[in-house]
Every structure is written in structure tokens, then in C-alpha cells.
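Colleague: test case, fold it:
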Amino acid sequence: MPTTAPTHAESLPDGAGAPSPLARLLRAWDSFWFTPSDGLGLHVVRACTGILLLSWLLGFLGHQGALFGMDGWVDRQAYRELLGLPEGPPAPIGWSPIFLASSPWFAHLLYGGSMLVLVLFTLGIATRLTSVLTWLVVIAFTSNPALSYGGDVLLLILSFYLMVGYLLYGLHSQPRSARNLLLGSRDAEFFARWRSSDEGRTKSTAATIALRLLQIHIAIVIFVSGLHKLQISVWWAGLALWFPLFPPFETTLEEVLAIKESGQPLLLMFAINIATYAVLAWQICFPFMAWKNGARPLVLGGAFLGWLGCSLLFGLPLFGPALLIGCLSFVPGTTWRRWLSRTPMPSETPAVPQREPLASASARG
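Modeller: Residues are numbered from 1 along each chain as shown. Here you go, the predicted structure:
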């Protein structure tokens, strides 16, 4: 009876063919950073970020000259005096295209051009060019220290890593035409295309690298925010959410007495304690669950509740959605494709089976 020759692995002693721990570490590192992934994950983050940036920039409509012009509320003299403060300006002041707005009409022109750039970027048009311009737009309109806001940092993070991703996206996987090299891959256009078909989708190392960089930065932001809260006594006591719920300068004596007379002040305090500790636990545990598929509902659910809390309790309309978009970057493109494919396109109609002619059916039978 013929026998098969032993394979190389079978002929080796036990353990001789096993990779070393260092080799496994390097292989895992290479897989984490450089395994090509479905570009849909990057495109979803881009579309959500573009919508957020458009809503942010629309808030300045009608006040461009006053807010960003060099003759507006913060003029040249104000910038010089801010730079001369002993501890520096309240927000870092660097170079910005907005500093060229020497007249109100130029500020309006720059604002209109920025809106056009954001619309094109959101739609995925010429992403290699519009991603860079979008990053410059965010830099330009976050440069005013009078409008400094905690959520601006997240806008810069999102726009920067999207720029990195789209500068590299399609360089090796797409034909190297002049159009693709200058404007970027057309795979980013027409978002509905990805919802209906798995065929021809592009797997991109650039998408993997950009999303990994964004994921790590978001994980650091959330984790460090949780560690910072541990340095504040009201978070240890579980009372941190009491103050945004009942602001000291807005809460009246009647409201306090109403809580006391409701007969359930202890229940309210217990709920506040639980919510406070839940916020701490979510932020501190975030790096340990963000890349786990089973923990994805907890990651996204916590980010959504954080959006509501930032908007309703703390009055931070941009911080919450920017954080949620950062958490959406942990969702792989294949998962997005599976989720979106469950919703049929409006143009899609179910195929109606055609009845076979009776003559041909009887002839075959």
C-alpha cells in the first residue's frame, strides 16, 4: 500500500517548527498595521466627519468677518497681546490661512470656498486633494483663541488622519493615471455604490494604516480622560454628574426642595453614583475592549450615551459626535458592508420570476 512522504513539519521534532515569541509578535504587529482592509470603513468615517464639519462651519454663517477677519473681534493687536501674555495665549496660536483675511470680503470668500471643499470631501470627490484642503480648513477656523473649544482638538485629529489615509489610498491598488495621482481614487465617490455590491471592492493598506492611527489616538484620548478624572475627588465620590444636572448658579431653592419632598432623593443620588462610575469604567476600560468584536455594542453604546451627555449636560455640541465618529473607526469595513447591505437600495427591486411558456415546458417534459 503506498505511503505518503512526511511533510517538513511532521519530520521536525516537537516544538522545532513553532515560531518564536518574537516572530509571533512581529507577525501580529505586521498584521495589525499592514493587512489590507475594506476601504468602506474609511469612507464611512470620512462621510460622518464631513457632515460634522459642515454643521460646525455653518454655525459661523453671517459672522465670518467679525469672527475671523483681521479687523474683527480678535484683530492684529489682540493677537500680539495674547502672544505676550506671561503664560502664553489660552490656546496655541500658529499660522493659519485665516490670517490672510485682511478685509471682510476676503473672509467671506475664504468661508465660501471652505464650505465648498467640505461638501466635496463629504461626497468623496477628489479626496486626495480635498482631504488636504479639509485639514487646512479645520486649522484655519480653529485658530481664533476667542473661539477656542475643547472639541476643536478632536476635529483636528479626525481631519488629519483622514488626510493621511486619502493621500495614500489607491496609490498601489488603482491605475496610476494622472487623474488618480492628483485627485485620488474614485472608489471614494458615490457612497451608495458600496451598499449594494461586494464585487470589485478595494482592499487598501492605506485605509488600515489611517484607521489604526485614528483608533490609537482616540483610545489614548478616552483612556487619559478617565485617568484625569481619577484625580478629582467628586468622581471618586460618584457625584461628578450632580453639578451639570443641577448647576450651582442656575438651580433654585424651590428645585432643591422639590427633590427633597419627592421622597426619593436617595434613589436620585444612587442613580447619579451609578452613572458616574459607569463613565469612569467605560473610559478606563476602553483600550481593553475597543478592538474586541464582542464588546463593540458596549463601545458604540457608550459613545452614543456620551454624545447625549456632552450635549445635554455639559453643553458641548461638538465633542460628543466627534468622539462617536472616532469610535466608529473601530468598526471594520466588512462589518459596515454587512450592515448596510441589509437595507436595499431605493432603485433595487426584487426579481420577479418569469413564467416559462407552456409550449417549451411541455416540449422539455
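Colleague: could you verify my assumption that residue 131 touches residue 161?
Modeller: No - taking contacts as Cβ atoms under 8 Å, residue 131 lies outside contact range of residue 161: 9.9 Å. For the C-beta atoms, the positions are set from N, CA and C on the backbone; glycine is no exception.
Colleague: how about low-confidence regions in the stretch 151-300 of the chain?
Modeller: For the stretch 151-300 of the chain, residues meeting the criterion pLDDT under 70 lie at 173-175, 178-179, 189-201.
Colleague: please enumerate the helices of it.
Modeller: For the stretch 151-300 of the chain, the helices defined by DSSP state H, counting those that start in this stretch cover 152-168, 178-183, 192-196, 205-229, 233-236, 242-245, 253-261, 265-289, 296-312.
Colleague: turn those into a markdown table, including distance to residue 326.
Modeller: Converted to a markdown table, the helices of the stretch 151-300 of the chain look like this (distance: least, Cβ to Cβ, whole Å):
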| stretch | distance to residue 326 |
| --- | --- |
| helix 152-168 | 7 |
| helix 178-183 | 27 |
| helix 192-196 | 21 |
| helix 205-229 | 4 |
| helix 233-236 | 22 |
| helix 242-245 | 22 |
| helix 253-261 | 36 |
| helix 265-289 | 11 |
| helix 296-312 | 8 |
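Colleague: buried deepest among the ones you listed, which one?
Modeller: Ranked by mean neighbour count, the helices of the stretch 151-300 of the chain are led by helix 152-168 with a mean of 22 (mean count of other Cβ atoms under 10 Å).
Colleague: who does that one touch, helix- and strand-wise?
Modeller: Counting contacts by 3 or more Cβ pairs under 8 Å, 6 or more residues apart in numbering; DSSP states H and E, helix 152-168 packs against helix 40-58, helix 127-141, helix 205-229, helix 319-328.
Colleague: which elements pack onto whatever helix or strand comes next after the first one?
Modeller: Heading C-terminal from helix 40-58, the first helix or strand you meet, by DSSP states H and E, is helix 64-68. Using 3+ Cβ pairs under 8 Å, 6+ apart as the contact criterion, the elements in contact with helix 64-68 are helix 104-123.
Colleague: need the CA coordinates for the helix it packs on. PDB is fine.
Modeller: Coordinates of each C-alpha in helix 104-123 appear next as PDB, following Å, rounded to 0.1, in the frame of the first residue of the first chain:
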ATOM      1  CA  PRO A 104     -14.300  91.400   5.300                       C
ATOM      2  CA  TRP A 105     -14.900  90.400   1.700                       C
ATOM      3  CA  PHE A 106     -11.800  88.100   1.800                       C
ATOM      4  CA  ALA A 107     -13.100  86.400   4.900                       C
ATOM      5  CA  HIS A 108     -16.400  85.800   3.200                       C
ATOM      6  CA  LEU A 109     -14.600  84.400   0.100                       C
ATOM      7  CA  LEU A 110     -12.500  82.100   2.300                       C
ATOM      8  CA  TYR A 111     -15.600  80.900   4.200                       C
ATOM      9  CA  GLY A 112     -17.500  80.100   1.000                       C
ATOM     10  CA  GLY A 113     -14.500  78.200  -0.500                       C
ATOM     11  CA  SER A 114     -14.100  76.300   2.700                       C
ATOM     12  CA  MET A 115     -17.800  75.200   2.600                       C
ATOM     13  CA  LEU A 116     -17.400  74.000  -1.000                       C
ATOM     14  CA  VAL A 117     -14.300  72.000   0.000                       C
ATOM     15  CA  LEU A 118     -16.100  70.300   2.800                       C
ATOM     16  CA  VAL A 119     -19.100  69.400   0.600                       C
ATOM     17  CA  LEU A 120     -16.800  67.800  -2.000                       C
ATOM     18  CA  PHE A 121     -14.900  66.000   0.700                       C
ATOM     19  CA  THR A 122     -18.000  64.600   2.300                       C
ATOM     20  CA  LEU A 123     -19.200  63.400  -1.100                       C
END
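Colleague: quick check: phi and psi at residue 38.
Modeller: Main-chain torsions, residue 38, degrees, to the nearest 10: phi -60, psi 120.
Colleague: having no further points to raise, I will conclude here.
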